[in-house]
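Trainee: Build the 3D model from these lines:
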Amino acid sequence: MKNTFILGIEGTAWNLSAAIVNETEIIAEVTETYKPEKGGIHPREAAQHHAKYAASVIKKLLEEAKEKGVEPSDIDGIAFSQGPGLGPCLRTVATAARMLSLSLGAPLIGVNHCIAHIEIGIWRTPAKDPVVLYVSGANSQVLSYMGGKYRVFGETLDIGLGNALDKFARGAGLPHPGGPKIEACAKDAKHYIPLPYVVKGMDLSFSGLSTASSEALKKATLEDVCYSYQETAFAMVVEVAERALAHTGKKEVLLAGGVGANTRLREMLNDMCEARGAKFYVPEKRFMGDNGTMIAYTGLLMYKSGNVLSLEESRVNPSFRTDDVEVTWIREEEMKRVPEITPEAFLKIPSGEMLDSGAEAVVYLEEGPEGKKVLIKERVPKVYRLKEIDEGIRKERNRTEARLISEARRAGVPTPIIYDVEDFKLKMQYIEGAPIKYLINPELSEKVGELVGKLHSAGIVHGDLTTSNLLLAGDKLYLIDFGLSYFEKSLEARGVDVHVLFQTFESTHRDHEALIEAFNKGYGSTFIGAGDVLKRVEEIKKRARYA
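Mentor: The predicted model follows:
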């Protein structure tokens, strides 16, 4: 069988990189990196850099390939980073790709940069169907494949983790790139400094953490602040990855993106996966940053599934969303999925056995007074978090959950009754129901909308609205897991709350459009401000990705 050879060009930001691959090996790769004299990346300067070196990079690449017996005439397709990325850089690379396509008579393949990070990781590791933590300069997302697309479970609501680290580093006088310098400084730290830990369900926010870290430099050493910043930020992203694992039941985590080169982040993810019985994968360090091989290999997958572009279709897209890409190269029947628990099986678990292992707690049953079942929710230590961070979070969320569950019940929202509260443990009413992630349909989604409308009318934001945190018992719907809840009446807070739920619909349930439409109807029936909140949800969705 004839090998397929694809030439790929990456040029979304710092790196101009080109590679040639076939189905089994990397034939050659050549990279030239833009290095500004000071500060961060300047898009126009980076584009000028790419234009300056494009010809020499391609020439050297073809020479190296020829030494291995691959001629220019053997190349079957030209892949290029179509987005997301910096517009001037993308346009420069696209122009080079078009010229190559015309001169070699090979079709164009427009590759999504983020998906290329995922696919290179799957190619270079044993991962099959992972939850992906993708952390780079501009992007911070938790994703997984379902139903023909890579779905976004959660993401940053403001700035990407890499950019947040670089921004802090510049303010601290550290040379670019900031991430490795922060990692080096953190190794000499002596004390942990409390910093904002902002997880909003499946979503994240880094801007407050970055600002607080810069302020902390006025009173603390650079080493201590770098250590505290790194431990806090990484614990946040690992927690969200664990939430996705708990929700999907998958057993693999893949780390992708430039920030993934950090040793401490890898350690934390590995600790989390070991505790959950999941496998952790990360490709060789050379494939974590932007590289031509990831574009070439993803281009090969696309080419072999018939996914090519005409010249007219090769316009770049600086805001190219991961979940806009039709994944034509994965066959559903090849996915190894964990079997779902049926509602019937869920209800047959014996008293005393562990019911669930969520992202932050284990849940089990005990015999209560008069033989009634009592549900115990215990927030167990997370080995990937510093003790100073972990104990504070667990205590705060335990108290918050007890208080807000009671407040929600007073507002007419069905919740379990709280019997007793300890530092890290809650005793509560056992609801003989099943999570609606196994049962969700438009009729049920409308009821969810009604319930969330009542909650928001009472000024309560749940903070973790997913289909794992809603139980159906008979015909009654219960809302559970209030650990991230708080009182807030702003459009932004309510919008983020609904945004998290919609992400769950889109990432986990195939008929998500019908579910969203039904939710909106129910939400509007019980909350007078629903229209304004739903408009804000659309704004948040546009703002969150690839800002």
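
Trainee: drop to CA atoms for contacts and neighbour counts, all remaining ones
Mentor: Will do.

Trainee: so where does residue 517 fall, helix or strand?
Mentor: Taking DSSP states H and E as the criterion, residue 517 maps to helix 512-526.

Trainee: Quick one: list the elements packing against that helix.
Mentor: Judged by 3 or more CA pairs under 8 Å, 6 or more residues apart in numbering; DSSP states H and E, the packing partners of helix 512-526 are helix 442-457, helix 491-508, helix 530-544.

Trainee: Let's have the ones you listed in CSV, adding mean pLDDT and mean neighbour count.
Mentor: As requested, these are exported to CSV (pLDDT from 0 to 100; neighbours: other CA atoms under 10 Å):
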stretch, mean pLDDT, mean neighbour count
helix 442-457, 97, 22
helix 491-508, 92, 23
helix 530-544, 88, 17
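
Trainee: Report the buried residues of the helix holding residue 517.
Mentor: Neighbour-count burial for helix 512-526 flags 512, 515-516, 518-526 (criterion: 16 or more other CA atoms under 10 Å).

Trainee: Dump that helix to CSV, keeping only the CA atoms.
Mentor: Extracted as CSV, the C-alpha positions of helix 512-526 are listed here (Å, rounded to 0.1, in the frame of the first residue of the first chain):
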residue,chain,number,x,y,z
HIS,A,512,-28.5,19.5,22.7
GLU,A,513,-30.3,22.1,20.6
ALA,A,514,-33.7,20.7,21.5
LEU,A,515,-32.6,20.5,25.2
ILE,A,516,-31.5,24.2,25.2
GLU,A,517,-34.7,25.3,23.5
ALA,A,518,-36.8,23.4,26.1
PHE,A,519,-34.7,24.7,29.0
ASN,A,520,-35.2,28.3,27.7
LYS,A,521,-39.0,27.8,27.7
GLY,A,522,-39.1,26.5,31.3
TYR,A,523,-36.6,29.1,32.5
GLY,A,524,-38.7,31.9,31.1
SER,A,525,-41.8,30.5,32.8
THR,A,526,-40.4,30.9,36.4
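
Trainee: Residues touching it, excluding its own?
Mentor: Contacts with helix 512-526, where a contact means CA atoms under 8 Å, 6 or more residues apart in numbering, come from 441-443, 445-454, 457, 502, 505-506, 530-531, 534.

Trainee: Check stretch 401-421 too.
Mentor: Contacts for stretch 401-421 (CA under 8 Å, 6+ apart): 398-399, 426-431, 451, 454-455, 458, 460, 477-486.

Trainee: from those, which ones fall inside helices?
Mentor: By the criterion of DSSP state H, membership of the contacts of stretch 401-421 in helices covers 398-399, 451, 454-455.

Trainee: Which one of those residues is nearest to residue 115?
Mentor: residue 451 (36.0 Å; CA to CA).

Trainee: give the contact list for the closest one.
Mentor: 413, 523, 526.

Trainee: and if you look at residue 66?
Mentor: Applying CA under 8 Å, 6+ apart to residue 66 gives the contacts residue 72.

Trainee: mind checking the SS state of it?
Mentor: Under the three-state scheme (DSSP: H, G, I helix; E, B strand; the rest coil), residue 66 adopts helix.

Trainee: Check the one 3 residues further on too.
Mentor: Under three-state DSSP, residue 69 falls in the coil class.

Trainee: Run a quick neighbour tally on it.
Mentor: Neighbour count for residue 69, taken as other CA atoms under 10 Å: 11.

Trainee: What does the pLDDT read for it?
Mentor: Here, the pLDDT recorded for residue 69 equals 95.

Trainee: What of the one 4 residues further on?
Mentor: Residue 73 is assigned a predicted lDDT (pLDDT) of 95.

Trainee: if we compare the helices and strands packed on helix 512-526, which one ends up closest to residue 213?
Mentor: Closest approach to residue 213 among the helices and strands packed on helix 512-526 is made by helix 530-544 (22.1 Å; CA to CA).

Trainee: could you say what helices and strands that closest one packs with?
Mentor: Packing partners of helix 530-544 (3+ CA pairs under 8 Å, 6+ apart): helix 491-508, helix 512-526.

Trainee: give me that answer again for 10 Å
Mentor: Here helix 530-544 touches strand 149-155, helix 442-457, helix 491-508, helix 512-526, going by 3 or more CA pairs under 10 Å, 6 or more residues apart in numbering; DSSP states H and E.

Trainee: can you redo these as TSV with distance to residue 295?
Mentor: Below are these laid out as TSV (distance: least, CA to CA, whole Å):
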stretch	distance to residue 295
strand 149-155	17
helix 442-457	39
helix 491-508	24
helix 512-526	30
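
Trainee: Format the buried residues of helix 512-526 as JSON lines; extra columns: distance to residue 366 and pLDDT.
Mentor: As requested, these are arranged in JSON lines below (distance: CA to CA, whole Å; pLDDT from 0 to 100):
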{"residue": "512", "distance to residue 366": "37", "pLDDT": "89"}
{"residue": "515", "distance to residue 366": "36", "pLDDT": "96"}
{"residue": "516", "distance to residue 366": "37", "pLDDT": "96"}
{"residue": "518", "distance to residue 366": "37", "pLDDT": "97"}
{"residue": "519", "distance to residue 366": "35", "pLDDT": "97"}
{"residue": "520", "distance to residue 366": "38", "pLDDT": "97"}
{"residue": "521", "distance to residue 366": "39", "pLDDT": "97"}
{"residue": "522", "distance to residue 366": "36", "pLDDT": "97"}
{"residue": "523", "distance to residue 366": "36", "pLDDT": "98"}
{"residue": "524", "distance to residue 366": "39", "pLDDT": "97"}
{"residue": "525", "distance to residue 366": "39", "pLDDT": "97"}
{"residue": "526", "distance to residue 366": "36", "pLDDT": "97"}
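
Trainee: so where's the protein shaky on pLDDT?
Mentor: Applying pLDDT under 70 to the chain flags the ranges 1, 39, 331-357, 543-547.

Trainee: dump the residue contacts of the most centrally placed residue in it.
Mentor: The residue lying closest to the centre of the chain (CA atoms, centre = their mean) is residue 142, at 1.6 Å. Contacts for residue 142 (CA atoms under 10 Å, 6 or more residues apart in numbering) come out as 131-135, 150-156, 202-203, 237-238, 240-244, 253-255.

Trainee: quick one, phi/psi of it?
Mentor: Here the main-chain torsion angles of residue 142 (degrees, to the nearest 10) amount to phi -120, psi 120.

Trainee: beta partners of it?
Mentor: Partner residues in beta bridges with residue 142, using DSSP bridges, are residue 133, residue 154.

Trainee: I'd like the distance between it and residue 189.
Mentor: 29 Å (CA to CA, to the nearest Å).

Trainee: Could you do residue 234 as well?
Mentor: The gap separating residue 234 from residue 189 is 16 Å, by CA to CA.

Trainee: same question, residue 129
Mentor: Noted for residue 129: a distance of 38 Å to residue 189, by CA to CA.

Trainee: Neighbour count for the two, which is higher?
Mentor: Neighbours per residue (other CA under 10 Å) separate residue 129 from residue 189, with residue 129 holding more: 19 against 16.

Trainee: Now do the SS call for that one.
Mentor: coil.

Trainee: State the phi and psi torsions of it.
Mentor: According to degrees, to the nearest 10, residue 129 has phi -140, psi 70.

Trainee: my read: it touches residue 253, true?
Mentor: Yes. Residue 129 lies in contact with residue 253 (CA atoms under 10 Å); the separation is 8.6 Å.

Trainee: what do those two both touch?
Mentor: Among the neighbours of residue 129, those also in contact with residue 253 (CA under 10 Å, 6+ apart) are residue 144.

Trainee: How many residues are close by residue 165?
Mentor: Residue 165 has 26 nearby residues by other CA under 10 Å.

Trainee: what about residue 243, which helix or strand?
Mentor: Here residue 243 sits within helix 222-248, counting by DSSP H and E.

Trainee: going on from that helix, what's the next piece of helix or strand?
Mentor: Following helix 222-248 in sequence order, the next helix or strand is strand 252-256 (DSSP H and E).

Trainee: Packing partners of that next one?
Mentor: By 3+ CA pairs under 10 Å, 6+ apart, strand 252-256 packs against helix 113-124, strand 131-135, strand 140-146, helix 222-248, helix 263-276, strand 279-281.

Trainee: With that, I have no additional questions.
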